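Undergrad: show me the folded form of this:
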Amino acid sequence: MKKCKMLLVLILAAVVLAASACSRDTAPDEAEPPYDQDHEPGPGYAADITENDQGQQQDDDYDFDWTGYNIIIDGEIGVAANWHTAYGEDFPTHIPLLPVAEALRVDVVVSDDEAQTVVMQGLTGVITFTVGSQEFDVDGNVVELWQPSILVDDNLYVPIAFFRDVYGMGNAAWIGGHVYLDTHGMGDMH
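TA: Predicted coordinates for the structure are as follows:
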């Protein structure tokens, strides 16, 4: 049974890697952002790109109303998805993986067996984990978070720190009523 699970994980990882490789149109050594800057936001997303009266792009984020977006990525994309508070905390501890991955334009494969293995491409490698576990594998290196991934009403939630410590973003934190995910880092906030 253990060999079957490992084979399934390897197959899922191969599918994610193949999909990732097929979607690339840049040179392998050329860095690309986790999402397309010119991407048309879908339902639940908003791009903070506004123009002033002279047609120039605004430099500040204060012209856009972010109140409808609980999760903000790089100050440019808002995700209108609910977070989850677990373990008696007074602040959100988990955010939904699939809406955030969609905003980042990252494919996520979840096995439909009892183990519910998740495979996705992170910024630093292929991420594999089992729903309910605190251990996340990134290209063979295990990262253990202090909270596990969880299911809430059949929606997969990961700890906010997942995006910093596992996915590879510069920072991920809850600040002033929003969860901020930043691929460039926002300083030492943990």
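Undergrad: which element follows the worst-scoring helix or strand of the chain on mean pLDDT toward the C-terminus?
TA: Using mean pLDDT, DSSP states H and E, strand 45-47 stands out as the lowest-scoring helix or strand of the chain, at a mean of 47. Heading C-terminal from strand 45-47, the first helix or strand you meet, by DSSP states H and E, is strand 71-73.
Undergrad: the helix or strand following that following strand pairs with which strands?
TA: Counting by DSSP H and E, the next helix or strand C-terminal to strand 71-73 is strand 77-79. Sheet partners assigned to strand 77-79 using DSSP bridges are listed as strand 45-47 (antiparallel), strand 71-73 (antiparallel).
Undergrad: for the closest residue to S111 other than its chain neighbours, which residues make a bridge with it?
TA: Leaving aside its chain neighbours, S111 sits nearest to T117 (4.4 Å; criterion: C-beta to C-beta, 6 or more residues apart in numbering). All C-beta atoms are positioned from the backbone trio N, CA, C, and that covers glycine. With DSSP bridges as the criterion, T117 is bridged to T130.
Undergrad: ditto for N155
TA: Assigned bridge partners for N155, using DSSP bridges, are V152.
Undergrad: didn't it look like it was pressed against H94?
TA: No - if you go by C-beta atoms under 8 Å, N155 and H94 don't touch, sitting 9.9 Å apart.
Undergrad: no further questions, thank you.
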